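J.: Build me a structure from this.
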Amino acid sequence: MIRQYNEDDIDAVMQIWLDTNIRAHNFISSGYWRINFDMVREMLPHAEIYVQEEDCARQIDGFIGLNDDYIEGIFVKETMQSKGIGKQLLNHAKEVKSTLKLRVYQRNEKAIKFYLRENFCI
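T.: Just a heads-up that it's a prediction; the model follows:
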């Protein structure tokens with residue numbers, strides 16, 4: 001189920017944000033993400049965020065952050081990746097936004113392949 005973020009989600013969302021950034025961006029020092037953790041935690045509630053959680057487990061497996069028509073990021077727990085969660089989150093964003101834009105690090109090949117499969121242009 002995809003639903004809008006609420007303030008009780010902050011700890012789970014931030015842990016996914018940190019873990020996913022460290023793994024996906026191994027070409028950037030993990031210290032960078034840790035240093036920016038508190039700033040992102042403060043900013044996050046001001047963004048438009050949707051989370052994906054299993055109905056029965058009530059556990060967040062991923063989220064998408066939007067800023068107007070810009071995708072700030074799609075983040076999915078490592079153990080839940082390649083199970084369609086990122087696609088579900090993106091499809092939800094497509095339902096609520098008429099246009100979507102994003103930027104991806106060139107060295108994040110997995111993300112580039114995902115977005116190209118989803119018909120985004122380079």
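J.: When you work out contacts or count neighbours from here on, use the C-alpha atoms and nothing else.
T.: Will do.
J.: Need phi/psi at the residue nearest in space to the middle of the chain.
T.: Compute the mean C-alpha point of the chain, and by C-alpha atoms, centre = their mean the closest residue is residue 74, 2.2 Å away. Main-chain torsions, residue 74, degrees, to the nearest 10: phi -120, psi 130.
J.: So what pairs up with it in the strands?
T.: Counting by DSSP bridges, residue 74 forms beta bridges with residue 64.
J.: contacting residues for it?
T.: Going by C-alpha atoms under 8 Å, 6 or more residues apart in numbering, residue 74 touches 62-65, 86, 89-90.
J.: For the chain, give me the ranges with low pLDDT.
T.: Confidence mapping of the chain against pLDDT under 70 gives the ranges 56.
J.: Residue 37: how many residues sit nearby?
T.: If you count neighbours by other C-alpha atoms under 10 Å, residue 37 ends up with 15.
J.: try residue 69
T.: Residues near residue 69, counting by other C-alpha under 10 Å, number 15.
J.: which residues sit in contact with it?
T.: Contacts for residue 69 (C-alpha under 8 Å, 6+ apart) come out as 97-101.
J.: Now it. Its backbone dihedrals?
T.: With angles defined as degrees, to the nearest 10, residue 69 sits at phi -100, psi 10.
J.: Narrow the contacts of residue 69 to those that are buried.
T.: Among these, the ones that count as buried by 16 or more other C-alpha atoms under 10 Å are residue 100.
J.: Columns secondary structure and distance to residue 55 on top of the contacts of residue 69, output as CSV?
T.: What follows is the contacts of residue 69, written out as CSV (DSSP: H, G, I helix; E, B strand; the rest coil; distance: C-alpha to C-alpha, whole Å):
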residue, secondary structure, distance to residue 55
97, coil, 25
98, coil, 28
99, coil, 29
100, coil, 27
101, strand, 30
